[in-house]
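Student: predicted structure and sequence below. I'll ask about it afterward.
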Amino acid sequence: MLCHNTETIDIELSNTGYFFKAIANDHAVAFFSGSIQHRDMKVGGLSYEDGYKGNALACIIKPGTIEIRYHSDFTDSEVVRIFTKILYIPKLDKLKDFTVTYQGRTLI
């Protein structure tokens with residue numbers, strides 16, 4: 001799995017009350033500032049678009065939690081499979097104990 005902008009994780013986690021974002025699919029994940037809209041981040045073939053378009057999930061990362069917005073192309077089981085892979089990537093180990101929610105439901 002390709003990982004883009006992983007330096008964002010260290011920068012953001014050093015702040016109290018951090019809030020940053022990511023887009024992800026089965027092939028890649030990209031992290032970025034919370035001030036950037038998901039639809040405006042295009043990197044490594046990842047694209048989230050309003051209206052359940054694009055090939056990536058939109059994620060919000062805040063203390064201890066990765067919240068994933070609903071996307072009609074991704075089932076619960078696909079989200080679990082994708083984020084299980086992401087959370088076990090060694091360079092993303094600072095996120096491995098985070099709770100993953102999808103549509104407000106805890107999946108991991």
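Tutor: Thanks, I have the structure now.
Student: between the two ends of stretch 63-78, how far is it?
Tutor: When the termini of stretch 63-78 are compared using CA to CA, to the nearest Å, they are 24 Å apart.
Student: so what touches it?
Tutor: For stretch 63-78, contacts defined as CB atoms under 8 Å, 6 or more residues apart in numbering pick out 17-18, 22, 26, 38, 48, 52, 54-61, 79, 82-83, 95, 97-103, 105, 107. Bear in mind the C-beta positions are built from the backbone N, C-alpha and C, glycine included.
Student: please name the residues that touch I60.
Tutor: F19, F20, K21, G34, I66, E67, R69 are the contacts of I60 under CB under 8 Å, 6+ apart.
Student: that one pairs with what?
Tutor: Listed by DSSP bridges, the beta-bridge partners for I60 are K21, E67.
Student: for it, give me the pLDDT.
Tutor: As predicted, I60 sits at a pLDDT of 98.
Student: also the one 4 residues further on?
Tutor: Note for G64: predicted pLDDT of 96.
Student: now the helices: where do they sit in this protein?
Tutor: 7-13, 76-87 (DSSP state H).
Student: direction included, what does the lowest-mean-pLDDT helix or strand in the chain pair against?
Tutor: Within the chain, no helix or strand scores below strand 53-54, which has a mean of 92 by mean pLDDT, DSSP states H and E. In the sheet, strand 53-54 lines up against strand 46-49 (antiparallel) (DSSP bridges).
Student: fine, thanks again, bye for now.
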